[in-house]
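Quick one, what's the 3D model for this:
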Amino acid sequence: MADRVAALMEERLGAVGTGLSEKLRRAGGRLPRRIRAEAARLAEADRRARATGPHADFDSAQLAQAYDACVGYLKSLGPWRRRWASVAHGAAGLILALLALAVAVLAVLIWRGFL
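The predicted structure follows:
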């Protein structure tokens, strides 16, 4: 399950790394908080399973739910939605920078006594 989610993260988000935990660390910020938490649960279960072997005790219902949530979200990310999110993110950053510049200019004008 973790390998499938890692492959989808690489395909849909461009995440690089060798496993789900590394891909989550590098590209997890591009996921919603709930999906990121579910992917972290899968990564932790994968890490524990590799360390303790197949006899490890896991809650398979919770892991299946986490897997379904991650796969459902990542499959819904098509190319147009990814581009739109990228454009919206860039526009929000630009607007924030312009707002900060306007506040700085106003502060300087007030400080110098022009307003």
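
how far away is residue 64 from residue 101?
49 Å (CB to CB, to the nearest Å). C-betas here are computed from N, CA, C, even on glycine.

Likewise for residue 72?
40 Å.

Show me what the helix ranked longest in the chain is packed against.
Counting by DSSP state H, the longest helix found in the chain is helix 79-112. Contact partners of helix 79-112 among helices and strands, from 3 or more CB pairs under 8 Å, 6 or more residues apart in numbering; DSSP states H and E: none.

And that helix, what's buried?
Within helix 79-112, no residue counts as buried by 16 or more other CB atoms under 10 Å.

now swap in stretch 24-41 and tell me
24, 27-28, 30-31, 35-36, 38-41.

how long is that stretch end to end?
11 Å (CA to CA, to the nearest Å).

Run the chain-centre distance for the longest helix of the chain.
22 Å (CA atoms, centre = their mean, to the nearest Å).

Need the mean per-residue confidence for it.
Averaging pLDDT along helix 79-112 yields 92.

and what of stretch 50-60?
74.

Please name the residues that touch residue 21.
Residue 21 sits next to 43-44, 46-47 when contact means CB atoms under 8 Å, 6 or more residues apart in numbering.

switch to 10 Å and redo it
By CB atoms under 10 Å, 6 or more residues apart in numbering, the contact set of residue 21 is 2, 6, 28, 39-40, 42-44, 46-47.
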